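Asks: coords please:
(one chain, ligands or ions: 1)
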Amino acid sequence: MTEVVRLTAVSKVYGSGEQGVAALREVSAGFRKGTFTAVMGPSGSGKSTFLQCAAGLDRPTSGSVTLNGVELTSLSETKLTVLRRQRIGFVFQAFNLVPSLTVAQNVTLPLKYAGVRVDLAWMEHVLARVGLSERAGHRPSELSGGQQQRAAIARALVTRPEVVFGDEPTGALDTVSAREVLRLLRESVDDLGRTVVMITHDPVAAAHADTVLFLADGRIVDHLQLPTADAVARRMAHLGAWA
Ligand code: ADP
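Replies: Residues are numbered from 1 along each chain as shown. You can find the predicted model right below:
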């Protein structure tokens, strides 16, 4: 199976000399098409840095990051921005919707940025998938947190991205809303063939993934296939003991 995203020996050092902090140390990982991966690890283990490097939001100090064979580390800032807009979806803990725009306008914003014509049928399909057909004309402030995150997921999916990165997408949600959001991410993988990589602290959230990668001190120290919440929690407790 083809790998959509591949990191090879990615290192990231913040600062330099004695003050330098090694956030990632020669990390290698591949994400195949149509898979859902959770990234876990103690605070400061390098999860955010890993996601930022994998998504072309930050540049590694050394190593290679490819998106379907395109080397991101050698692209100019301009080309990287275009690539992110056209080929990558993002879902953050803070929903990052534009308050003055309606749900429909928020969802189609990435298409506008990417200079792609809005396919209304597709937009309506995506809104229906996330259960917001009736809310298309509402502003974010008129929606619950869970609905806002579902709008953010619709926005992330509307460009049919090759990979969707999530940074604690359920971190600000109640249990019921979190479960809906995780179900949508799972369906985007199973039904739409998307590839999802998500940072989470929550073993229950991680159990929705096919694979969990565990980071500690800037390295991938373990992984779990077909994880259960219990197995993830046990592994995390173990990592916590080392940290
Ligand atoms: P996590 O997401 O697992 O909490 P991070 O990737 O945020 O971990 O951080 C990994 C390490 O890199 C930590 O020691 C953190 O303090 C350091 N770090 C992260 N970002 C910066 C930065 N911009 N400048 C300096 N150090 C940073």
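
Asks: pLDDT weak spots in this protein?
Replies: Within the chain, the stretches with pLDDT under 70 are 1, 241-243.

Asks: the ligand contacts on that one?
Replies: 14-15, 21, 23, 41, 43-49 (C-beta under 6 Å from any ligand atom). Any C-beta I mention is one placed from the backbone N, CA and C, and that applies to glycine too.

Asks: ok, now which ones touch the residue nearest the centre of the chain?
Replies: Nearest to the geometric centre of the chain sits residue 165, at 1.6 Å (C-alpha atoms, centre = their mean). Taking C-beta atoms under 8 Å, 6 or more residues apart in numbering, we find residue 165 in contact with 51, 54-55, 88-91, 196-198.

Asks: tell me which of the residues you listed fall in strands.
Replies: 88-91, 196-198 (DSSP state E).

Asks: a strand runs through the residue nearest to the centre of the chain, doesn't it?
Replies: Yes: according to DSSP: H, G, I helix; E, B strand; the rest coil, residue 165 belongs to a strand.

Asks: who's it bridged to?
Replies: With DSSP bridges as the criterion, residue 165 is bridged to residue 90, residue 197.

Asks: and the gap between it and residue 231?
Replies: 24 Å (C-beta to C-beta, to the nearest Å).

Asks: now the residue nearest to residue 163 when sequence neighbours are not counted. Its backbone dihedrals?
Replies: Spatial nearest neighbour of residue 163, excluding adjacent residues (C-beta to C-beta, 6 or more residues apart in numbering): residue 195 at 4.7 Å. Main-chain torsions, residue 195, degrees, to the nearest 10: phi -120, psi 130.

Asks: equivalent analysis for residue 218, please.
Replies: The phi/psi pair for residue 218 (degrees, to the nearest 10) is phi 80, psi 10.

Asks: what does residue 63 give?
Replies: The phi/psi pair for residue 63 (degrees, to the nearest 10) is phi 100, psi 180.

Asks: tally up the residues packed near it, please.
Replies: Residues lying near residue 63 (other C-beta atoms under 10 Å) number 18.

Asks: this completes my enquiry, with thanks.
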